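>>> Would you be able to build a 3D model of this:
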Amino acid sequence: MHAVIIDTLSKVYGKDKIVAVDRVSLEVKKGELFGLIGPDGAGKTSIFRILTTLLLPSSGSARVDGYDVVKDYKSIRSRVGYMPGRFSLYQDLSVEENLTFFANLFNTSLKENYKLIEAIYVQLEPFKNRKAGKLSGGMKQKLALCCALIHQPSVLFLDEPTTGVDAVSRKEFWDMLKRLKEEGITIMVSTPYMDEAKRCDRIALIQSGKLLSVDTPAQVTAAYSKKLFSAKADNMIRLLYALRASAHVSSCYAFGETHHFHFQEQGSSIDLLNELKQAGLEQIEIENITPGIEDCFIDLMLEKTK
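Presented below is the predicted three-dimensional model:
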């Protein structure tokens, strides 16, 4: 059984016909923690706004909990929780007032559904009389999640919930999602952070409105068929230019403190090392490495542009 079914969904904006979502098709199983992974402008928010009935699709269709996002929008709104990318609660209301307001919207109460949000709310309770606008980034995030859960939704949509918060708050948030998944809630989360992908059951990599891959994080990396290498040297900028200019290298990109690259079919580490030394580079290190999700994303993106 699927909680979300998307079939050739497209969204085009304005007179200039800017394509934000381009014939996207995917399915999310009930009880699954599904990640939509991609950079800003990839189409993640447009997809989420369509699924939560806040935006009409240009073409294609989508169903949430068996209900059509266009025809059955009222039924969907009572069954889903939505946490948008920007903090959108009432900043001049207190923590408790915001929760009470959203509970009243769904004809329920904080007391009635306290068990579902208890593990999150206990961290907010000492600040329950503080105005939402005065909370820290991590606390705002927890309050927004509580408000999205207050009516016991069957499907939870979280649009880039960890953007702009510190590493500790990011980890705490994903731990909370794991506990919510154990409650049987289907969770669809978007993020630009590739390192968060491995916390999902399955992921969809998206770029420029098009899906690049849909699979488990392990299967996405297992499908990477090329040998990947990393390189370091005393001058990383000169190294990047040298690698890109080398006849031994087919592709190269900066990656944190190293550069990742692929050899041409006839390329070899020894020949490349000699070439880099002749270019005046020192302290050169070349290593065969295991690709991560970000490497897979870059490779799929480059393949699509060929």
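
>>> mind exporting the helix ranked longest in the chain as PDB, just the C-alpha atoms?
Using DSSP state H to define each element, the chain has its longest helix at helix 167-182. Extracted C-alpha coordinates of helix 167-182, given in PDB (Å, rounded to 0.1, in the frame of the first residue of the first chain):
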ATOM      1  CA  ALA A 167      24.700  20.100  13.700                       C
ATOM      2  CA  VAL A 168      23.400  19.000  17.100                       C
ATOM      3  CA  SER A 169      19.800  20.200  16.400                       C
ATOM      4  CA  ARG A 170      20.000  18.400  13.000                       C
ATOM      5  CA  LYS A 171      20.900  15.100  14.700                       C
ATOM      6  CA  GLU A 172      18.200  15.600  17.300                       C
ATOM      7  CA  PHE A 173      15.600  16.300  14.600                       C
ATOM      8  CA  TRP A 174      16.500  13.100  12.600                       C
ATOM      9  CA  ASP A 175      16.300  11.100  15.900                       C
ATOM     10  CA  MET A 176      12.800  12.500  16.400                       C
ATOM     11  CA  LEU A 177      11.800  11.500  12.800                       C
ATOM     12  CA  LYS A 178      13.000   7.900  13.500                       C
ATOM     13  CA  ARG A 179      10.700   7.800  16.600                       C
ATOM     14  CA  LEU A 180       7.700   9.100  14.600                       C
ATOM     15  CA  LYS A 181       8.300   6.500  11.900                       C
ATOM     16  CA  GLU A 182       8.100   3.900  14.600                       C
END
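
>>> pLDDT (mean, whole number) over that helix?
Regarding helix 167-182, the rounded mean pLDDT is 88.

>>> counting contacts, what elements does the next helix-or-strand element following that helix pack onto?
Proceeding N to C from helix 167-182, the next assigned helix or strand is strand 186-191, under DSSP states H and E. Secondary-structure packing of strand 186-191 (3 or more Cβ pairs under 8 Å, 6 or more residues apart in numbering; DSSP states H and E): strand 2-13, strand 18-29, strand 33-37, helix 44-51, strand 155-159, helix 167-182. Quick note: C-beta positions are derived from backbone N, CA and C, even for glycine.

>>> in the stretch 1-150 of the chain, which spans are helices?
Under the criterion DSSP state H, counting those that start in this stretch, the stretch 1-150 of the chain contains helices at 44-51, 73-77, 95-105, 114-124, 137-149.

>>> looking at these, which is buried most?
Compared across the helices of the stretch 1-150 of the chain, helix 44-51 shows the largest average neighbour count, a mean of 24 (mean count of other Cβ atoms under 10 Å).

>>> Mind giving me the packing neighbours of the longest helix of the chain?
Counting contacts by 3+ Cβ pairs under 8 Å, 6+ apart, helix 167-182 packs against strand 33-37, helix 114-124, helix 137-149, strand 186-191.

>>> what about it, distance to the chain center?
14 Å (Cα atoms, centre = their mean, to the nearest Å).

>>> Could you double-check that Val220 sits in contact with Arg202?
No - look at Val220 against Arg202 with Cβ atoms under 8 Å: they stay out of range, at 9.1 Å.

>>> Let me have the helices of the stretch 1-150 of the chain in a markdown table, extended by distance to Ala245 and mean pLDDT.
Below are the helices of the stretch 1-150 of the chain laid out as a markdown table (distance: least, Cβ to Cβ, whole Å; pLDDT from 0 to 100):
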| stretch | distance to Ala245 | mean pLDDT |
| --- | --- | --- |
| helix 44-51 | 35 | 97 |
| helix 73-77 | 54 | 94 |
| helix 95-105 | 56 | 92 |
| helix 114-124 | 52 | 87 |
| helix 137-149 | 43 | 90 |
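
>>> And those: which comes nearest Leu33?
Among the helices of the stretch 1-150 of the chain, the nearest to Leu33 by Cβ to Cβ is helix 137-149 (14.2 Å).

>>> Thank you, goodbye.
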